[in-house]
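# This is a predicted model, with the sequence first.
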Number of protein chains: 4
Amino acid sequence: MMSVTDTLSRAERKRAELRRDIIDASFSCFAEQGYHGTGIADIATRLGIGHGTFYRYFENKRDIIDHVLDDLVARIVGSLVTDNAPDAADSLDEYRRQVERISDALTAILLDDPRIPRLLLFEATGIDADLTQRLFGLLDTAAELTGGYLKHGVDRGYLRENLDIEGTAQAINGMILAAVVRSLRGHDKEDVDSVAAAIRSLMFDGIKSPE
Amino acid sequence: MMSVTDTLSRAERKRAELRRDIIDASFSCFAEQGYHGTGIADIATRLGIGHGTFYRYFENKRDIIDHVLDDLVARIVGSLVTDNAPDAADSLDEYRRQVERISDALTAILLDDPRIPRLLLFEATGIDADLTQRLFGLLDTAAELTGGYLKHGVDRGYLRENLDIEGTAQAINGMILAAVVRSLRGHDKEDVDSVAAAIRSLMFDGIKSPE
Amino acid sequence: MMSVTDTLSRAERKRAELRRDIIDASFSCFAEQGYHGTGIADIATRLGIGHGTFYRYFENKRDIIDHVLDDLVARIVGSLVTDNAPDAADSLDEYRRQVERISDALTAILLDDPRIPRLLLFEATGIDADLTQRLFGLLDTAAELTGGYLKHGVDRGYLRENLDIEGTAQAINGMILAAVVRSLRGHDKEDVDSVAAAIRSLMFDGIKSPE
Amino acid sequence: MMSVTDTLSRAERKRAELRRDIIDASFSCFAEQGYHGTGIADIATRLGIGHGTFYRYFENKRDIIDHVLDDLVARIVGSLVTDNAPDAADSLDEYRRQVERISDALTAILLDDPRIPRLLLFEATGIDADLTQRLFGLLDTAAELTGGYLKHGVDRGYLRENLDIEGTAQAINGMILAAVVRSLRGHDKEDVDSVAAAIRSLMFDGIKSPE
DNA sequence: CATGAATGAGCCTTCATTCAT
DNA sequence: TATGAATGAAGGCTCATTCAT
């Protein structure tokens, strides 16, 4: 016979599991049919649970998307952070390789499941002022992250001393966004890779012809 | 007494005027409350007309947003095309100045009415597969436009011979998008200008330190 | 130059003409799309007039159907009354022929334009208590008409003395209705004629086998 | 405490009950105010339920009338079939009595609730091409039923050998219809009975005077 | 705790009718 | 007089949310 704590923790585990499942199902529904096109019933049906159950785990329809976002961000950040400390590069070449690594990791995660960018860029917008603010916050975080790399490069001397770190970080992230959007259009890996290459080329060499 | 043609054209003028007003009011509503947050009644009320009147001018709610977009695109294109033929620049310096002019024009129109980018980037997404395709189409057009400038530069020799025109065009547009998004966050002109400057700097000089 | 009365009467003539046209167009619309399926605009469009004009000739949508019915009844009665005075038959044979004539006339008018029975039996019902009463009135009139023939036959001695004139008249009209309904089902003349023959056979000979 | 099956069957029972109630209420509303005059809200209000509940049980407004008809047909058929097998009569006298029994049963059910014929003949028409077809189908079924009796009589020899069974069946049903319509006009039982008697008289003896 | 029946606010859309031109 | 622009009552339907079981 099991102890009370075991039983409890089992119940808790099940509860946490279902919570996860609801988040995942919501993610799928939102990404595929849009936030407004998704009903609570759709989410519940996908899981084979009663739709009343949804409300035992989340406040309301608006509530769930926050958690879906949390989850996505965690996934993306997790896959990027590995082996990519901002201070890992000590020379332009190392930075180049680092950028390539990050680029590949991003490409991998986004191409792996296009519903991720789809949800972030298309379905999570226009729902709510609060949510919009949150998306802006994500952009900020991303810009800070990128800025961190740039700052390190400037400090180390392999990036331009007069680099406007913040502005450049935003510009770079914009280019990444462009590549992500492109990946959404059904283009295959090569297409995205070529844009990624163009971006790196632009970053490191600019566009002007060498005199 | 007026002639028949005058009367006709007066009625037509009134009709065209109201049509315009409905488009404008819809634009405002959609930009402020979102597409799903806007009811036909809201649009009508804003104009002080009966909501039935709306349906004399547009098929349905879905219909109007197409026209709002048409209108926006026309406005933006109109303000950009002036004095900015893709083949107007014959040297890097001229191109630099051209880019600056375009940048200023964009900044002007977007800062002038932040609801424009807000509608385009946040409220027009996630409504419809058709509409999404249309937005993609706009991105394509923009990329072609940018690509045209780049190609001219390569042909003239002031841009890198080996430039991946298409990819670079997309990257550049991504940066512009980033600036636009930044303009949405309540930053004032200086902020946006500084990002614009960083973009230009990145474009022309890249980020690496001159050896 | 014309005199005032001429002008007026011309105007009046035109007015009466349009009134007729509206009735006809309404008949067509109601018969084809049903009363509820027909909008005032449909009627006006069919005539190429403004739909506001409708209201200069008729009170409202409900009003017009009364006039459409008036028109139909006049048409049917007109085509039946000719050569079919209730007292025209003096023997069973003459009555038989008279019944056949009436039967043919009815068949002719109803098969000629199936929209007539369609409107009367399907589209004019269920609109209004008043209209229903009016349809009942038409049935009464028809029963009285039929009853007139029967009474004459009884008086003349070629129909059963103990005939329940009123009840039988209704029964006969019911059979006519059945034939009319049958004509509505896309059956051709032969079908309807065969039912008409069965009706006459039933009327004159009953169904039982001669002992 | 109840077992699971009990609970389930209780819920199912409640559900079936409400479904029935909605059909009944719809029947009442349609019969009293007409199909187009009835709103879903009317039906719901009559039952004291929310109008959203209606849509848990039926697809849409058009859907319910089919079920109302199903119900009516079942009721009518049920009350007729009893003790009235088409092959129960072996002589004219027996057939006469059978006809009388059927006549009485019909009279009973229709006079009992005049809304039944009212709905069938007045409110169910002109709604829909599909529904019209269905009504025609009912007429067909009725004609086949009547035809069955006739055929049996011809086979047994107590009805005319040369009887046009199909046509006569339709004629007879037309007379029944006439009686039903009469019953709708607020006439009491005697009136209807007298028409029924006239019909039987016509059926068996025809109208002509015995020579 | 899970369920799903019930609810009603809310929204889009139609169309008969009015009335200024 | 003819017109059609404007109107808003009316109604069908959806779906997020609640709550009794």
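Everything's here; your move. Numbers count the residues shown, from 1 in each chain, chains lettered A, B, ... in the order given.

# Nearest spatial neighbour of the residue most central in space within chain A, chain-adjacent residues omitted?
With distances taken as C-alpha atoms, centre = their mean, the residue of chain A nearest its centroid is residue A:76 (4.3 Å). With C-beta to C-beta, 6 or more residues apart in numbering or on different chains as the criterion, residue A:76 has its nearest non-adjacent residue at 6.2 Å, and that residue is residue A:109. Placement of C-beta: from N, CA and C, glycine included.

# Am I right that that neighbour is in contact with residue A:79?
Yes - with contact defined as C-beta atoms under 8 Å, residue A:109 and residue A:79 form a contacting pair (5.0 Å).

# which helices and strands sit right next to the longest helix along chain A?
Taking DSSP state H as the criterion, chain A has its longest helix at helix A:4-33. In terms of contacts (3 or more C-beta pairs under 8 Å, 6 or more residues apart in numbering or on different chains; DSSP states H and E), helix A:4-33 is packed against helix A:40-47, helix A:51-57, helix A:61-81, helix A:115-117.

# neighbours of residue A:189, just the number please.
The criterion is other C-beta atoms under 10 Å in any protein chain shown. On that basis, residue A:189 has 12 neighbouring residues.

# coming back round to it: out of the helices and strands packed on helix A:4-33, indicate the one that is most buried.
Among the helices and strands packed on helix A:4-33, the stretch with the highest mean neighbour count (mean count of other C-beta atoms under 10 Å in any protein chain shown) is helix A:115-117, at a mean of 19.

# Show me the contact partners of it.
Here helix A:115-117 makes contact (C-beta atoms under 8 Å, 6 or more residues apart in numbering or on different chains) with A:27-28, A:31-32, A:72, A:75-76, A:109-110, A:180-181, A:183-184.

# ok, now stretch A:38-51?
Contact partners of stretch A:38-51, identified using C-beta under 8 Å, 6+ apart, comprise A:18, A:21-22, A:25-26, A:28-30, A:33, A:53-55, A:61, A:64.

# near DNA strand F, which of those residues show up?
A:55, A:61 (C-beta under 7 Å from any atom of the strand).

# Need the max-distance pair from the contacts of stretch A:38-51.
For the contacts of stretch A:38-51, the maximum inter-member distance is 21.5 Å, found between A:18 and A:33 (C-beta to C-beta).

# can you state the direction angle for whichever strand or helix holds residue A:137 and helix A:61-81?
Applying DSSP states H and E as the criterion places residue A:137 in helix A:129-156. With axes from the mean of the first three to the mean of the last three C-alpha atoms, to 10 degrees as the basis, helix A:129-156 and helix A:61-81 are set at 10 degrees to each other.

# Can you name every helix or strand that helix A:129-156 contacts?
helix A:61-81, helix A:92-112, helix A:165-183.

# So is that helix next to DNA strand F?
No - Helix A:129-156 is not in contact with DNA strand F by C-beta under 7 Å from any atom of the strand; minimum separation 14.0 Å.

# how close does the residue nearest to residue A:198 when sequence neighbours are not counted sit to residue B:121?
Spatially, and ignoring its direct neighbours in sequence, residue A:198 is nearest to residue B:167 (2.9 Å; C-beta to C-beta, 6+ apart). Distance, residue B:167 to residue B:121, by C-beta to C-beta, to the nearest Å: 22 Å.

# Which one's more surrounded, these two?
Counted by other C-beta under 10 Å, residue B:167 and residue B:121 do not tie: residue B:167 has more neighbours, with 26 against 17.

# For the closest residue to residue A:206 other than its chain neighbours, the count of nearby residues, please.
Nearest in space to residue A:206, with sequence neighbours left out and distances taken as C-beta to C-beta, 6+ apart, is residue B:206 at 3.8 Å. For residue B:206, the number of neighbouring residues by other C-beta under 10 Å comes to 19.

# contacting residues for residue B:206?
With the criterion set at C-beta under 8 Å, 6+ apart, residue B:206 makes contact with A:202-206.

# From these, list the buried ones, please.
Neighbour counting with 16 or more other C-beta atoms under 10 Å in any protein chain shown marks A:202-203, A:205-206 as buried within the contacts of residue B:206.

# Of all residues in chain A, which one is closest to chain C?
residue A:37 (31.7 Å; C-beta to the nearest C-beta).
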